[in-house]
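A.B. asks: Kindly generate the corresponding structure for this input.
(one chain, ligands or ions: 1)
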Amino acid sequence: MSIDPTPAKVIQPLDVDYDAIRSSNPHRMVHGVEARLIRLRQQAINLWTALQAYRTSSGIRAVMAKLKEHRALASGGKRVKKLVSVEGRSHWRLFIPANTSHLHVPFLKGELNRLVPHSKGGHELAVVFLSVTKKCPLKCEHCFEWHNLNQKEVIGPEDINRMIENLQSIGATNIAFTGGEPMLRVREMAESIRRYKSKSQFWILTSGFNFTATNAAELRSAGAHGVVVSIDHYDPLAHDQFRGSRGSFRDAINAVKHALDKGFLTAISTCVTRDNANREYIDEFMNMARSLGVGFVQWIEPKAVGHYAMQDVILKPEHQVVLEEALLDYTYAEAFKNHPLVIYHEYYQRKLGCFASGNKMVYVDTDGDLMSCPFCHRKGGSLLSDDFRQSLENLRSTGCSDYAPVIG
Ligand code: SF4
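C.D. replies: Coordinates of the predicted model:
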């Protein structure tokens, strides 16, 4: 397809008929006794996994103390009382495999290993964001790949497979395809997922472009696990203007429907700008997410990189306070028990340190180079190179310029 390189000037909204595009297969929020029973079962699995990993009471006590410390820092010790049910699978967090998955226990062991080491190797990375194309028809205000967008492709299908093999050789539980717009490489993604799905959960992070019912069905039947759709306003016109593309709101809402219809674990990701960091906006947005039927909403803060480079966009403390209070409400308050769970990485990173930089998470850019995260544009060597492990180590030892090292 040809990509239109001219910036969008004036954008008119398209009509959006919500009723026609609401999925009949929404995620279900679980709370009360049902959630408590599922949690009890999960606690038994956690304990059994810790026993298997450490085999000594001192090891188990040490890791339990670390977990308690983390929970105290993140939430004052409070426990999440709701979870998301997707076709019989239960999810508290977006990237933790359901306890019915063969990846669940290996993932837990990898997480425990990060807190209190019990073995070498294993599941080293919880999440990898893997860019598979430089092409994209949108022109988003906050695009972090802006300077690479619609340049000549560097990565081919064989490179994608080689990168996945390298990532799986060190244990990458979740591999999330991004770009550019990854749905421009739907055939290649489906092929790779079919080949490598036994060792990782595969995700598509999309603007909704080209996420048609047919393509959703192909990806799901190949074995893709989850979809994160970017929606940056509940108002179609405001979203289309932010994304620089008329009709992108309609595409995004349709993508959510197709993802839910096909049984993907489905989330919405949204960049919360200063203009939108107020409680009225957040509540309206969360109501839209609930009515669409997704189980998770991810809030990301704008960063002065890519299209936002040199701009004064970083949220101020007063904006962060609004978001942090809303996060705690949507996570713990009875009044919001039927709303989706919120993922707000920046909040947890301020409390617990940087998860990225090759620690739990790493980003691979459109050249196949390892980077700490999508917003930290310091390259750490190629994932296609034989010494990618050393590059990853270098990223880990250099750390992050925005957040403290993760609390071990
Ligand atoms: S943020 Fe994503 S969808 Fe928007 S222009 Fe950049 S690559 Fe495209």
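
A.B. asks: What mean pLDDT does the helix or strand hosting Ile193 get?
C.D. replies: For Ile193, the host element (DSSP states H and E) is helix 186-196. Helix 186-196 carries an average pLDDT of 98.

A.B. asks: Which helix or strand lies directly C-terminal to it?
C.D. replies: strand 201-206.

A.B. asks: Let's test this: mean pLDDT of that following strand, rounded?
C.D. replies: Here strand 201-206 scores 98 as its mean pLDDT.

A.B. asks: re earlier: ok, and what's touching the helix holding Ile193?
C.D. replies: 132, 157, 160-161, 164-165, 168, 175, 177, 182, 202, 204, 210, 215, 218-219, 222-224 (Cβ atoms under 8 Å, 6 or more residues apart in numbering). Heads up, the C-betas are built off the backbone N, CA and C, glycines and all.

A.B. asks: If we go by neighbour counts, what in it is buried?
C.D. replies: By neighbour count with 16 or more other Cβ atoms under 10 Å, helix 186-196 contains the buried residues Val186, Glu188, Met189, Ala190, Ser192, Ile193, Tyr196.

A.B. asks: Give me the angle between it and strand 201-206.
C.D. replies: 170 degrees (axes from the mean of the first three to the mean of the last three Cα atoms, to 10 degrees).

A.B. asks: What parts of the protein come near the ligand?
C.D. replies: Residues of the chain lying near the ligand by Cβ under 6 Å from any ligand atom: Cys136, Leu138, Lys139, Cys140, Cys143, Glu145, Gly179, Gly180, Glu181, Ser207.

A.B. asks: How about the secondary structure of the second one?
C.D. replies: What it means is Leu138. Secondary structure state of Leu138, per DSSP: H, G, I helix; E, B strand; the rest coil, is coil.

A.B. asks: Quick check: pLDDT value at it.
C.D. replies: pLDDT, read off for Leu138, is 97.

A.B. asks: do the one 5 residues further on as well
C.D. replies: We note a pLDDT of 96 for Cys143 in this prediction.

A.B. asks: Any regions of this protein where pLDDT drops low?
C.D. replies: 1-17, 357-358, 399-408 (pLDDT under 70).

A.B. asks: Repeat the analysis, applying 50 as the threshold.
C.D. replies: 1-13 (pLDDT under 50).

A.B. asks: Can you identify each of the helices in it by residue range?
C.D. replies: 32-54, 57-75, 104-115, 157-169, 186-196, 213-222, 236-243, 248-261, 279-292, 317-332, 345-352, 388-398 (DSSP state H).

A.B. asks: And the buried ones among the contacts of helix 186-196, selectable in ChimeraX?
C.D. replies: Buried members of the contacts of helix 186-196, defined by 16+ other Cβ under 10 Å, are picked up in ChimeraX with:
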select :132,160,164,168,175,177,182,202,204,210,215,218,219,222,223,224
